[in-house]
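> here is a sequence with its predicted model. Questions after.
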Amino acid sequence: MRVLIIGSVAGGTSAAAKMRRNSEDLEIVIYDMDKDISYSGCGIPYFVGEDYISREDLTPRNSQWFKKRFNIDIFTEHKVTDIDFEKKLISVINLKTGEAFTDSYDKLVIAVGANPSIPNIEGIDSANVFPVRNVQSGERIKIFIKEKNPKSAVIIGAGFIGLEMAENLKSRGLDVTLIESAPHVMPSMDYEMALYIQDHLLKNGVKLYTSEKVESITENGRYVNTLSGSKIATDMIVVATGVKPATDIVKNKGIKLGLHGGIIVNDKMETNIPDVYAVGDCCEVKSTVTGEYIYRPLGSTANKMGRIAGDVITGGNLRFRGVPGTGIFKTFELTVAQTGLSEKEAATRGIDYVVSHNIKENQSKYLKESRELVIKCISERKSERILGVQIVGERGVDKRIDVFVTAMTFGAKVSDLFHLDLAYAPPFSTTKDPVMYSGMILDNAINRGRQLITPHELMKNRDSFTVIDVRSKDDYNKGHIDGAINIPHEELKETAKSFDKNKKYVVHCNKGTTGNAAQNLLLNLGFKEVYNLSGGYSQYKIEFGRVAKD
C-alpha cells in the first residue's frame, strides 16, 4: 500500500512515524512546500528573543533522519498544487527545479496546517513587516533585528503569539506597542480575566491599543495608522492576527469543511472522501464540552491526530475523543491558561451556569516565592460539570489547568474536586489546593445555598442589592464599592439584627473567604437572599477600576 502525506510538521510526521512503527510493508512519501520538517512553531517567539536558541533547536529532524530511521521519503520544497480524489492522484511542483509531476496513492493524509490570517491593510507588504508562520519567518525577524538594530516594534494582534512576541521583542530592548481590534487582549478569554494580562503588560512597559484597527502602513513601513487617527512610528511590524486552515487545495472538491474553513474528520481522522484522512491545523475537531466542531490549532492536538491516523491506516483501534481546547502561554512573568468554554461562550449557548473567581496563593503564603493565582471556573448548574477554566498567575498555573483538564476529561463534577488527593507540601501547594477551593466554592453555590454573584452581575443590577463590605475600616477607607455599607465581620452579627431579612444582600471581603463566612452568618440568622461577591473586592477593582472614597 502506498500512502502519501501532504505536510511534514506535527501531524504529518506523527502519522508517518506511527504507520512505520505498525508496519514495514507500507510505502510512505511526504511532500512539503517548506524547507523545514517537524519544526516547533510554538518556539518561534523564543527563538526570536534568545540568542542561545538556534535554528537547529526548532528543527531537530530532517528528511535524511526520517529516511534513515523510518525509511520514509520526505520531499521538501515540493508544493502539491492539486488533488484528484477520483483518480487518487496529486499534482506536485518541485519549487527548486520547477519540475511538475503527479503521484498516486492508495491512502492520502492531508496535513497542510494553517496559514497566517493576513489582514487586508495598505502597506502590509512593506519590507519591515513580518507575519509569524514558520521557522523561516522567525529567522527573518531575528536577522532583521541583528542587522537593522530596530528600536521599536508594533505587534498587530494580541493573542498567544502576539503576547509571546511582546515579551521576546522587549527582551531585545525594543519599545513594543500592541494593537488589538477586540476590546481586550486575548479575545478568547473573558474581559475581566484579560484585564489582569493588560495590567501586567503595562507594568512591563508595553503600550496597548485595544478596540483599535490598523488602517494603513505608510512611508515604507515607518508608520502604522489606525482607524481612530493614531499614527504610530515604528522600525518594524509583526503581524500576529491568528491563523486559518490552509484548505484552499481541497475547496470545491467535495470534501466537507466546517464553519471555520477546516476539514471535518471523524474519530478515525477520516474525511468524507474514501481513503482520505486529515490531521492537524487544517482540521476542525470535536469539542468534548459541547460536541460541536471547533477550530483549535495546536501542535499537541496535531501530534495526537497524526498518531491516530497512522494507527487507523495500519489497522489499529486508536480513536480521537475530541479536545476541550486547552492553551497556555507566558508573557513576561505572567502565565495564562484556559480550557473549555469562556463565560461569553456559555452565555451564547443559553447554558444555565455558575461562575467563581477564586484568588489564592499557589503555595504556602509565608514562602517568599509564593504568588497569587486567579482561577475563573464555569460550571453548569444542573449537572455540576466543569464547562471552562481560565487561570492567570506567576506560578503554578500549568499544574492547576492540567488538573482541571484531567477532571473535565473524565467527567468530574465540581463537588468531586474537593475529594482529589492532590500533593501537598508548603513549596508546592496550600493545604487545600486552589483547585479544591474552586470546587468547594462552586459546590457551595450549586448544592448548599451559598449563592455567588460576579462584579459584573452586581453592577448591572446595583440598585437591587444592599452591599455589605465586611473588611476592616482601614481597607474600606482605601477604596470600596459605591454605596457599600462597611460592617467589619466581627461586628456583623450584632449589627445585622436591625436589618430587613427579606431584602437582597451582597457581602464581600477582599478575595471571598471572609465574605463566605459573612454569608453563612446572615443565612444562619434567617436572611432569605444573600450573595457572596465572586473574587471579592479584588475582582471588583480589577474589573471596574473604580475606587470610591468618602
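Here it is on my side, so go on.

> any low-confidence regions in the protein?
Confidence mapping of the chain against pLDDT under 70 gives the ranges 546-550.

> give me phi/psi at the residue nearest to the spatial centre of it?
Among the residues of the chain, the one closest to the centroid is residue 327, at 3.8 Å (CA atoms, centre = their mean). Phi and psi for residue 327, reported as degrees, to the nearest 10, are phi -140, psi 150.

> next up, the contacts around it.
Counting by CB atoms under 8 Å, 6 or more residues apart in numbering, residue 327 touches 160, 188, 296, 298, 337-339. Backbone N, C-alpha and C define where each C-beta goes, glycine included.

> what about those, which are in strands?
Restricting the contacts of residue 327 to those inside strands, with DSSP state E as the criterion, leaves 337-339.

> which of these lies closest to residue 514?
For these, the closest approach to residue 514 (CB to CB) belongs to residue 337, at 27.5 Å.

> any idea what that closest one is bridged to?
residue 328, residue 391 (DSSP bridges).

> who touches it in this structure?
The contact partners of residue 337, taken as CB under 8 Å, 6+ apart, are 326-329, 389-392, 397-398, 400-401.

> tell me which of those residues is nearest to residue 374?
Proximity of the contacts of residue 337 to residue 374 was ranked by CB to CB; the top entry is residue 392 with 5.1 Å.

> distance-wise, check the residue nearest to that closest one when sequence neighbours are not counted relative to residue 419.
The spatial neighbour of residue 392 that comes closest, neighbours along the chain excluded (CB to CB, 6 or more residues apart in numbering), is residue 196 at 4.5 Å. Noted for residue 196: a distance of 29 Å to residue 419, by CB to CB, to the nearest Å.

> these two: who's more crowded?
Taking other CB atoms under 10 Å, residue 196 and residue 419 do not tie; residue 196 has more neighbours (22 against 9).

> contacts for the one helix or strand the more buried one maps to?
Secondary structure assignment for residue 196, by DSSP states H and E: helix 191-203. With contacts defined as CB under 8 Å, 6+ apart, helix 191-203 is touched by 163, 166, 178, 183-187, 189, 208, 210, 331-334, 336, 357, 374, 376, 390, 392, 454-456, 539, 542-543.

> which residues are in contact with the very next helix or strand once past it?
Under the assignment DSSP H and E, the closest C-terminal helix or strand after helix 191-203 is strand 207-209. The list of residues contacting strand 207-209 from outside it, by CB under 8 Å, 6+ apart, reads 158, 175-180, 185, 198, 201-202, 226, 230, 232.

> now do the contacts for residue 295.
245, 258, 260, 262, 284-285.

> try 7 Å this time
Under the criterion of CB atoms under 7 Å, 6 or more residues apart in numbering, the neighbours of residue 295 are 260, 262, 284.

> tell me, how many residues neighbour the closest residue to it other than its chain neighbours?
Excluding its sequence neighbours, the residue lying closest to residue 295 (CB to CB, 6+ apart) is residue 260, at 3.9 Å. When neighbours are counted by other CB under 10 Å, residue 260 registers 15.

> likewise for residue 24?
Residues contacting residue 24 under the criterion other CB under 10 Å number 8.

> how near is it to residue 316?
On the measure of CB to CB, residue 24 and residue 316 end up 15 Å apart.

> one more: residue 42?
Relative to residue 316, residue 42 is positioned 28 Å away (criterion: CB to CB).

> A strand includes the residue nearest to residue 295, no?
No. According to DSSP: H, G, I helix; E, B strand; the rest coil, the state of residue 260 is coil, so it is not within a strand.

> now it: how far from residue 193?
As for residue 260, its distance to residue 193 is 23 Å (criterion: CB to CB).

> could you do residue 268 as well?
Following CB to CB, the distance that separates residue 268 from residue 193 is 36 Å.

> which one's more surrounded, these two?
In this view residue 268 and residue 193 are compared by other CB under 10 Å, and residue 193 has more residues nearby, 24 against 16.

> okay if I get the contacts of residue 295 as JSON lines plus distance to residue 380?
As requested, the contacts of residue 295 are arranged in JSON lines below (distance: CB to CB, whole Å):
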{"residue": "260", "distance to residue 380": "25"}
{"residue": "262", "distance to residue 380": "27"}
{"residue": "284", "distance to residue 380": "23"}
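
> among the residues you listed, which one lies nearest to residue 10?
Relative to residue 10, the closest of the contacts of residue 295 is residue 262; by CB to CB it sits at 15.3 Å.

> quick one: residues contacting residue 220.
For residue 220, the set of contacting residues under the criterion of CB under 7 Å, 6+ apart consists of residue 126.

> and it, what are its phi and psi?
Residue torsions, per degrees, to the nearest 10, at residue 220 are phi 60, psi 40.

> strands of the stretch 201-350 of the chain, start to end?
Assigned by DSSP state E, counting those that start in this stretch, the strands in the stretch 201-350 of the chain fall at 207-209, 214-218, 223-226, 231-233, 236-239, 243-245, 263-264, 276-278, 283-286, 293-294, 327-331, 334-340.

> er, the stretch 401-550 of the chain I mean
Per DSSP E, counting those that start in this stretch, the stretch 401-550 of the chain has strands spanning 452-453, 466-469, 485-486, 504-508, 529-533. These are given in chain order.

> got those as CSV, with distance to residue 496 columns?
Rendered in CSV, the data for the strands of the stretch 401-550 of the chain read as follows (distance: least, CB to CB, whole Å):
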stretch, distance to residue 496
strand 452-453, 19
strand 466-469, 8
strand 485-486, 11
strand 504-508, 9
strand 529-533, 10
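
> can you list those strands in TSV and add distance to residue 279 and mean neighbour count?
Output for the strands of the stretch 401-550 of the chain, formatted as TSV (distance: least, CB to CB, whole Å; neighbours: other CB atoms under 10 Å):
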stretch	distance to residue 279	mean neighbour count
strand 452-453	41	23
strand 466-469	53	21
strand 485-486	59	16
strand 504-508	48	25
strand 529-533	46	24
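
> beta partners for residue 244?
Applying DSSP bridges, one finds that residue 244 bridges with residue 115.

> against residue 496, how distant is it?
In terms of CB to CB, residue 244 sits 57 Å off from residue 496.

> got the residue ranges for the helices in the stretch 51-200 of the chain?
Using DSSP state H, counting those that start in this stretch, the helices assigned to the stretch 51-200 of the chain run over residues 55-58, 63-70, 135-148, 160-171, 191-203.

> buried deepest among those helices, which one?
helix 160-171 (a mean of 23; mean count of other CB atoms under 10 Å).

> elements contacting it?
Using 3 or more CB pairs under 7 Å, 6 or more residues apart in numbering; DSSP states H and E as the contact criterion, the neighbours of helix 160-171 among helices and strands are helix 44-49, strand 152-156, strand 175-179, strand 327-331.

> gap between it and the chain center?
Centre-to-centre, helix 160-171 and its host chain are 15 Å apart (CA atoms, centre = their mean, to the nearest Å).

> please list the outside residues in contact with that helix.
Under the contact criterion CB under 7 Å, 6+ apart, helix 160-171 has outside partners 45-46, 48-49, 132, 153, 155, 176, 178, 185, 201, 204-206, 238, 240, 327, 329, 331-332.
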